[in-house]
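K.L.:
no sequence for this one, just the structure:
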């Protein structure tokens with residue numbers, strides 16, 4: 001008999017135009033098992049209930065595909081990925097993506113490398129480091145079709161941390177909660193400084209009354225000025241306002 005949650009998850013994905021294969025379901029199930037197991041040894045997530053993980057982590061990650069058609073993306077960078085959200089769920093659903101996961105905590109990198117290996121995901125690179133430092137390396141700067149960050153910092157800080165990774169003409173997607181628009185006004189100067197413009201704010205209501213989400217979609221108009229990003233921690237201490 002089909003798992004009830006499998007049917008629900010397939011339905012949620014179907015509502016946003018994504019089909020779920022048995023192989024993809026098996027990978028999500030293994031992802032969930034590894035997440036809960038490793039979470040007992042390190043702080044990866046406060047959410048461990050199986051249905052809640054599927055709603056608030058897996059499906060929430062998948063909603064990005066509504067905002068940016070996956071077939072228009074080859075290279076995806078997930079900045080401050082934590083336990084792999086949204087990058088790994090998107091990679092499971094859209095295997096063609098060339099995924100780069102970046103996080104500043106080494107222990108998370110150990111988990112992510114183990115996860116990628118266990119899920120047999122090809123075309124995934126995991127890098128330990130601060131975004132401010134990696135964004136100055138030629139292999140990362142101005143390189144990615146799509147860059148995303150989920151619940152990492154306020155938008156005027158995120159713009160400085162993430163836009164340097166986006167190629168000219170590419171997209172940055174800031175995944176936020178219910179009050180996404182509230183951060184736009186204070187981020188206005190950062191758009192100008194970093195040569196970017198707002199495309200649109202998308203809103204989603206998660207299933208099971210799990211809350212509202214907003215995704216702020218930003219286009220990078222031209223290459224990031226050389227002075228950005230500033231030294232580690234500077235964007236948070238002294239945001240562009």
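P.N.:
All right, it came through fine. Computed from a predicted model, the values in this text were never measured in an experiment. Residues are numbered from 1 along each chain as shown.
K.L.:
Look at residue 111 and tell me its secondary structure.
P.N.:
Per DSSP: H, G, I helix; E, B strand; the rest coil, the local secondary structure of residue 111 is helix.
K.L.:
so what secondary structure elements neighbour the helix ranked longest in the chain?
P.N.:
Using DSSP state H, we find that the single longest helix of the chain is helix 22-39. If contacts are counted by 3 or more Cβ pairs under 8 Å, 6 or more residues apart in numbering; DSSP states H and E, helix 22-39 sits against helix 4-15, helix 50-53, helix 87-93, helix 106-118. Every residue, glycine included, has its C-beta placed from N, CA and C.
K.L.:
Nearest residue to residue 148 in space, ignoring adjacent ones along the chain?
P.N.:
residue 173 (4.6 Å; Cβ to Cβ, 6 or more residues apart in numbering).
K.L.:
and the one you found, what is it in contact with?
P.N.:
With contact taken as Cβ atoms under 8 Å, 6 or more residues apart in numbering, residue 173 is in contact with 64, 67, 68, 146, 147, 148, 215, 216, 217, 218.
K.L.:
Run me through the strand neighbours of the helix or strand hosting it, direction for each.
P.N.:
With elements delineated by DSSP states H and E, residue 173 resides in strand 166-176, which encompasses its position. Neighbouring strands of strand 166-176 in its sheet, by DSSP bridges, are strand 144-150 (parallel), strand 212-220 (antiparallel).
K.L.:
can you list the weak-confidence ranges in this structure?
P.N.:
1-2 (pLDDT under 70).
K.L.:
Out of the helices and strands packed on helix 22-39, which gets nearest to residue 167?
P.N.:
Ranking the helices and strands packed on helix 22-39 by their distance to residue 167 (criterion: Cβ to Cβ) puts helix 87-93 first, at 17.2 Å.
K.L.:
I'd like to know which elements the closest one is packed against.
P.N.:
The helices and strands touching helix 87-93, judged by 3+ Cβ pairs under 8 Å, 6+ apart, are helix 22-39, helix 60-62, helix 64-67, strand 75-79, strand 98-103, helix 106-118.
K.L.:
out of these, nearest to residue 10?
P.N.:
With Cβ to Cβ as the measure, helix 22-39 is the member of the helices and strands packed on helix 87-93 nearest residue 10 (7.7 Å).
K.L.:
chain center to the closest one: distance?
P.N.:
Relative to its parent chain, helix 22-39 has a centroid offset of 18 Å by Cα atoms, centre = their mean, to the nearest Å.
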